[in-house]
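Peer 1: coords please:
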Amino acid sequence: MRFRAPAVLLAAALVALPATPAHAANIAQNPGFESGLTGWTCSGTETVTAPVHGGARALRATPQGNDLARCEQAITVLPDTTYQLSAWVQGAYVFLGATGSGVSTSTWGSPGAAWSQLRTSFTTGPATTSVTVYVNGWYGQGPYLADDVQLDGPGGGGPEDTQAPAVPGSVTVGRATASSLDVTWSPSSDDVGVTTYEVSRDGAAPAAVTGTAYTATGLTPRTSYAFRVRACDAAGNCSPYSTQVTGTTAEGGGDAGLPERVMVGYLHASFANGSGYIRMSDVPDEWDVINLAFGEPTSVTSGDIRFTRCPAAECPGVESESDFIAAIRAKQAQGKKVLISIGGQNGQVQLTTAAARDAFVSSVSAIIDRYGLDGLDVDFEGHSLYLDPGDTDLARPTTPVVVNLIAALKALKSRYGDDFTLTMAPETFFVQLGHQFYGPGQNGADARSASYLPVIHALRDHLTLLHVQDYNSGPIMGLDGQYHTMGGHDFHVAMTDMLLAGFPIAGNPANVFPPLRQDQVAIGLPASPHAGNGFTTVAEVRKAFDCLAKGTGCGPYRPRGVYPGLRGLMAWSINWDVFNGKEFSRSHRAYLDGLTAP
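Peer 2: Next comes the predicted model:
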């Protein structure tokens, strides 16, 4: 990037649902794998904490050779009775079914990296007292995930009890964070016979709890969710669901106070660059996020980051530190975010050891605390990140520089909480190139290829903005299988579409980088022809944004969807924009403000 050449919104609206008859509860044991593999007989499987569909864990299984990685459970049932079987799954090929005396049913799907619900049903025969439900993958098709398996119907054995408890009352949504909502309710009027309560979110398979409170986790910021609760007894009878209530998660992600459309700019705070020094107090109002460029390490592998303001000899007119801090406070009072950007063209940062990781956390915290900053921008370039041979699992990286960076960023996020703003500005080489190459390997690929992807993926729930540098880039293949070249609107459309639609890594449909939220993505651009290779005119940038956010005026590349929530634009840099008469900030601010909010 551094080019040195020339409160919670709660909708407690009670939406009346049609009355439903009492019916049996989910009779599968440990249906969400919250207790590991208890109750299941499995091969080639494990439980994971992410991704999950509901609760805190899910099943992950990998077929090997002739083993389909089946996970199954025997369940006692009643004869001559109809049962509904369902499960939420991800993967290239996933099968769900049930077998038993007089019972043989199955279904399958190929949902890829998105959760999809498989459903089937069966009726037991006159002598059927047990069935085995199962989920499995297919030969050579990579791992699959399964969660919230549900067999809905009466359990077998003993005299049949068909009397359901009363419906729980007073369901409310309380405390909200950026990723969780608390749901509480009053006990059923015949609570003595109730053994569990089941909470369904957005119509999904319910989660069972023993008390009258439930916390839904792993949620998306600024998103509404609907909840219903029912009471179940020991015989498996459940009441109808309660009236539905909704709640909305908090903004989180360091996003609070920012407008629907943002403009991010880099301020040359530690060096001169031929564009002239700009005092913090003189940064134009058009910029919502101001990244201080740059914090750099004392050595490549030290992890010890230092930020030194530009000296007067290099930057005539530089303000005092007290005036600099006062100007930061004034910008923050206006709703702006001021971040420290780490790296840049010359700031190579390799966290090869735990000591370097800890030094990074400590030194970056010291900079944030000294200047009262809102967070951190990760602008690692050059040789800062790479992947070791064999490190091919997006969700489980093993390369130390990647693993330690992820841990350091999570530690900073934990230290400062939901208000911590985290942004990233990788080059296309480190992100979209992953559609073809991922680390060292085929065709002599560079070990640095797409090495940002595991970092982005691990921090996606904490990431405020990703603004890939759509400049200083070679041709990159898009989702249409064609190469796209920087400088025109089509390049920005193709590169942004990959982030918002997701893409197979190294061409493998079983290994996919999942899409980011629209509000997390901005387009990265040079602010003027002096700022970097790949400058795009105001007209071409607007064409790109119109195509992505409105679905209009698209060129040869057609995006996979329309993205009305696309967040905004990033520019290198504020200084070069001012040098160019503020064409970038004035033109694009007016355009973004004129768009209809998503």
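Peer 1: from now on I want contacts and neighbour counts done on CA atoms only, so please keep to that.
Peer 2: Fine.
Peer 1: where does the stretch 51-200 of the chain dip in pLDDT?
Peer 2: Counting by pLDDT under 70, the low-confidence segments of the stretch 51-200 of the chain come to 66, 157-162, 190-192.
Peer 1: correct me if wrong: Ala213 contacts Val183.
Peer 2: Yes: counting by CA atoms under 8 Å, Ala213 does reach Val183; the two are 5.7 Å apart.
Peer 1: which residues does the nearest residue to Val521 once chain neighbours are set aside contact?
Peer 2: If the residues on either side of it in the chain are set aside, Val521 comes closest to Leu466, at 5.1 Å by CA to CA, 6 or more residues apart in numbering. Taking CA atoms under 8 Å, 6 or more residues apart in numbering as the definition of contact, the neighbours of Leu466 are Thr423, Met424, Ala425, Gln520, Val521, Ala522.
Peer 1: go ahead and confirm the second one touches Gly375.
Peer 2: No: here Met424 lies out of contact with Gly375, judged by CA under 8 Å, at a distance of 11.3 Å.
Peer 1: so for the two, which sits in the more crowded spot?
Peer 2: The neighbour comparison of Met424 against Gly375 (other CA atoms under 10 Å) goes to Gly375, with 25 against 22.
Peer 1: now do that one against Leu499, distance only.
Peer 2: 23 Å (CA to CA, to the nearest Å).
Peer 1: cool, Met486 as well?
Peer 2: 16 Å.
Peer 1: can you confirm Tyr134 is in a strand?
Peer 2: Yes: secondary structure of Tyr134 (DSSP: H, G, I helix; E, B strand; the rest coil): part of a strand.
Peer 1: now do the contacts for it.
Peer 2: Tyr134 makes contacts with Arg70, Cys71, Glu72, Gln73, Leu96, Gly97, Ala98, as judged by CA under 8 Å, 6+ apart.
Peer 1: in the stretch 301-450 of the chain, where is pLDDT below threshold?
Peer 2: Within the stretch 301-450 of the chain, the segments meeting pLDDT under 70 span 442-444.
Peer 1: mind listing the strands for it?
Peer 2: With DSSP state E, counting those that start in this stretch, the ranges of strands along the stretch 301-450 of the chain come out as 305-306, 337-343, 375-379, 421-424.
Peer 1: nearest to Asp285, of these?
Peer 2: strand 337-343 (11.9 Å; CA to CA).
Peer 1: what strands line up against that closest one, and which way round?
Peer 2: Using DSSP bridges, the strands paired with strand 337-343 are strand 289-297 (parallel), strand 375-379 (parallel).
Peer 1: and of those strands, who's closest to Trp572?
Peer 2: Taking CA to CA as the measure, those were each checked against Trp572, and strand 289-297 came out nearest at 9.9 Å.
Peer 1: avg pLDDT for the closest one?
Peer 2: The average of the pLDDT scores along strand 289-297 is 97.
Peer 1: what residues does it touch?
Peer 2: Residues from elsewhere that reach strand 289-297 (CA under 8 Å, 6+ apart): 262-270, 303-308, 336-344, 347-349, 377.
Peer 1: return the backbone torsion pair for the residue nearest to Val521.
Peer 2: For Leu466, the backbone dihedrals are phi -120, psi 120 (criterion: degrees, to the nearest 10).
Peer 1: bridging residues for it?
Peer 2: As for beta bridges, Leu466 partners with Met424, Val521 under DSSP bridges.
Peer 1: going forward, count from 3.
Peer 2: Understood, numbering begins at 3; the last thing we discussed is Leu468.
Peer 1: what kind of secondary structure is Asp499 in?
Peer 2: Here Asp499 is helix, with the state taken from three-state DSSP.
Peer 1: need the per-residue pLDDT for the closest residue to it other than its chain neighbours.
Peer 2: Spatial nearest neighbour of Asp499, chain neighbours left out: Pro561 (5.7 Å); criterion: CA to CA, 6+ apart. Reported pLDDT at Pro561 in the predicted model: 95.
Peer 1: check Gly483 too.
Peer 2: The confidence metric pLDDT takes the value 94 at Gly483.
Peer 1: the one 4 residues further on now?
Peer 2: Thr487 carries a pLDDT score of 96 in this model.
Peer 1: gap between the residue lying closest to it once chain neighbours are set aside and Val543?
Peer 2: Computed as CA to CA, 6+ apart, the closest residue to Thr487 that is not its neighbour in sequence is Pro477, at 4.7 Å. Here the distance between Pro477 and Val543 works out to 18 Å (CA to CA).
Peer 1: more neighbours, the two?
Peer 2: Neighbours per residue (other CA under 10 Å) separate Pro477 from Val543, with Val543 holding more: 22 against 14.
Peer 1: what sits closest to Arg232 if chain neighbours are left out?
Peer 2: Tyr243 (4.6 Å).
Peer 1: endpoints of stretch 202-217, how far apart?
Peer 2: Counting by CA to CA, the length from the leading to the trailing residue of stretch 202-217 is 12 Å.
Peer 1: and that stretch, how far out from the chain's middle?
Peer 2: Between the mean C-alpha location of stretch 202-217 and the chain-wide mean there is a distance of 23 Å, by CA atoms, centre = their mean, to the nearest Å.
Peer 1: close enough to count as contact, Lys412 and Ala460?
Peer 2: No: Lys412 sits out of contact with Ala460 when judged by CA under 8 Å, with a separation of 9.0 Å.
Peer 1: for these two, indicate the residue with more neighbours.
Peer 2: Between Lys412 and Ala460, counted using other CA under 10 Å, Ala460 has the larger neighbour count: 20 against 15.
Peer 1: now do that one, the pLDDT please.
Peer 2: The per-residue pLDDT reported for Ala460 equals 96.
Peer 1: can I assume it is in contact with Ile408?
Peer 2: Yes: here Ala460 lies in contact with Ile408, judged by CA under 8 Å, at a distance of 6.8 Å.
Peer 1: redo the strands of the stretch 303-452 of the chain as a markdown table? Include distance to Thr40.
Peer 2: Converted to a markdown table, those look like this (distance: least, CA to CA, whole Å):
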| stretch | distance to Thr40 |
| --- | --- |
| strand 307-308 | 47 |
| strand 339-345 | 46 |
| strand 377-381 | 42 |
| strand 423-426 | 39 |
